[in-house]
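Q: Need the 3D shape of this:
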Amino acid sequence: MEIAFALFSVLISQEPPTLKGRALLNPDISAIGNIVNQTILQNKIKNEFFTKEFEFAFQGYLYPSIRADIFLATHGPKFGDVHEHGEEETHIGVNLEEAYVSLLNIWGGFSGKVGRKFIEFGKFNPLHPEQWLYVDPPKVIQNIFGTENLIGDGGQIEFLLPLPFLLKIQGGIFRNSEGPFQDIFYSSRAFSSFGISDFEVSFGASYVGGKTEKELSNFIGGDITLNYIKGYTKLTFISEPIFSIDEKSKFAGFYSSLFYSTGRFQVGFRIDGAKPDEEIEDEHTRNKISFGISPIFAFLLTETTKIRFQYSFFASDKPKHTVFFQLLFGLGPHSHVLQF
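A: Predicted coordinates for the structure are as follows:
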């Protein structure tokens, strides 16, 4: 009995184990699958089933205040990268989606990121597809950036102001990887967030600008997010208007969404306001904004597996009806983003 008590005393007196040496350098490895079935309801019913994306994440710390995040992605033919080599060719394979190093504490509230990354413009653009509340990007994002996200190679500096509430400002310079800009472009963002009882309010203002094929283009956006969280219940409202500024300022479009979530399911809708598709534009619709609505329902099968149904209707001279079914699943630490 005395021996057992002595062993127990030694065990509880030891410090808890900490990651050291090689264990600290081992990255977290994750994989996310994104499979979509799309049915377009027009004069003829067109159905497509495709693997939208498989994403592989390698994430870890190089030093206690230096972190590396690398995201590789493979796409199906519908979402492959298009390059011009005489004729357009679609590259299907492994793409470097993001790869950046975060300097979490440079000095006195300053931090930064360097590498390839999704530009922090608004609420939607920095997100990976598995983090979206929707199957497809909002129409205004597709119109402006031409791809699902504006991506660049470069760096940004961030400063967290010493205030009793969160206020962060950031600015960056990048070289184009995906999107409308031809070469170097610039970005900036101011973001604030605070809580009131069960409500969390965040809002931001973003800018991105550079040279496009025709001229210098600048985009300015505002965003507001309102979360009400009570136990396992969550109500989320997001709205993001965007303006385009070249020779003159003009309204590019907006999207707004409202979602109700519990631990297992999520239901809501998105409203889009953007220009019609180029192929259906004419002199009567060129300066108009068309509106669309997308009811959405998602169900969490497990903590790392989600299914989503979405119906999208976009009003125009040729109304478009689309039905989506999406399966998302994950392996590894990064799959936590699939939870509501």
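Q: distance between the ends of stretch 118-134?
A: Separation of the first and last residues of stretch 118-134 by CA to CA, to the nearest Å is 18 Å.
Q: so which helix or strand takes in residue 114?
A: According to DSSP states H and E, residue 114 maps onto strand 110-118.
Q: now the following helix or strand past that strand, how far from the centre of its chain.
A: Using DSSP H and E, the helix or strand that follows strand 110-118 in sequence is helix 139-145. Counting by CA atoms, centre = their mean, to the nearest Å, helix 139-145 is centred 14 Å from the centre of its parent chain.
Q: about what we covered before: what residues sit buried inside the strand holding residue 114?
A: 111, 112, 113, 115, 116, 117, 118 (16 or more other CB atoms under 10 Å). Yep, even glycine has a C-beta here, placed from its N, CA and C like the rest.
Q: so residue 148 makes contact with residue 137?
A: Yes: if you go by CB atoms under 8 Å, residue 148 and residue 137 touch, sitting 5.2 Å apart.
Q: got the contact list for residue 115?
A: By CB atoms under 8 Å, 6 or more residues apart in numbering, residue 115 lies in contact with 98, 99, 100, 101, 153, 155.
Q: Could you give the bridge partners of the first one?
A: Beta bridges link residue 98 to residue 71 when assigned by DSSP bridges.
Q: do the same with the last one
A: The residues listed as beta-bridge partners of residue 155 by DSSP bridges are residue 114, residue 173.
Q: now it: how far from residue 169?
A: Taking CB to CB, to the nearest Å as the measure, residue 155 falls 15 Å from residue 169.
Q: And residue 187, by the same measure?
A: The value you get for residue 187 to residue 169, if CB to CB is used, is 12 Å.
Q: Which one's more surrounded, those two?
A: residue 187 (23 against 16; other CB atoms under 10 Å).
Q: so what's that one up against?
A: 119, 120, 121, 152, 156, 171, 172, 173, 174, 206, 207, 208.
Q: per-residue pLDDT, residue 286?
A: According to the prediction, residue 286 has pLDDT 55.
Q: what's the burial count for residue 156?
A: So residue 156, with other CB under 10 Å, has 22 neighbours.
Q: And residue 240, by the same measure?
A: 24.
Q: secondary structure element for it?
A: strand 233-245.
Q: Which SSE is immediately downstream of that strand?
A: strand 249-261.
Q: Pull up the pairing partners for the next helix-or-strand element following that following strand, direction included.
A: Later in the chain than strand 249-261, the nearest helix or strand by DSSP H and E is strand 265-274. Strand pairing for strand 265-274, using DSSP bridges, gives strand 249-261 (antiparallel), strand 290-302 (antiparallel).
Q: Could you list the buried residues of strand 265-274?
A: 266, 268, 269, 270, 272, 273, 274.
Q: just how off-centre is it within its chain?
A: 16 Å.
Q: Let's see that strand as PDB, backbone CA atoms only.
A: Extracted C-alpha coordinates of strand 265-274, given in PDB (Å, rounded to 0.1, in the frame of the first residue of the first chain):
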ATOM      1  CA  PHE A 265     -29.000  21.400 -39.100                       C
ATOM      2  CA  GLN A 266     -29.000  24.800 -40.700                       C
ATOM      3  CA  VAL A 267     -31.700  26.500 -42.700                       C
ATOM      4  CA  GLY A 268     -31.600  29.900 -44.400                       C
ATOM      5  CA  PHE A 269     -31.500  31.800 -47.700                       C
ATOM      6  CA  ARG A 270     -29.300  34.200 -49.700                       C
ATOM      7  CA  ILE A 271     -30.400  37.200 -51.800                       C
ATOM      8  CA  ASP A 272     -28.200  38.300 -54.700                       C
ATOM      9  CA  GLY A 273     -28.200  41.500 -56.600                       C
ATOM     10  CA  ALA A 274     -25.800  41.700 -59.500                       C
END
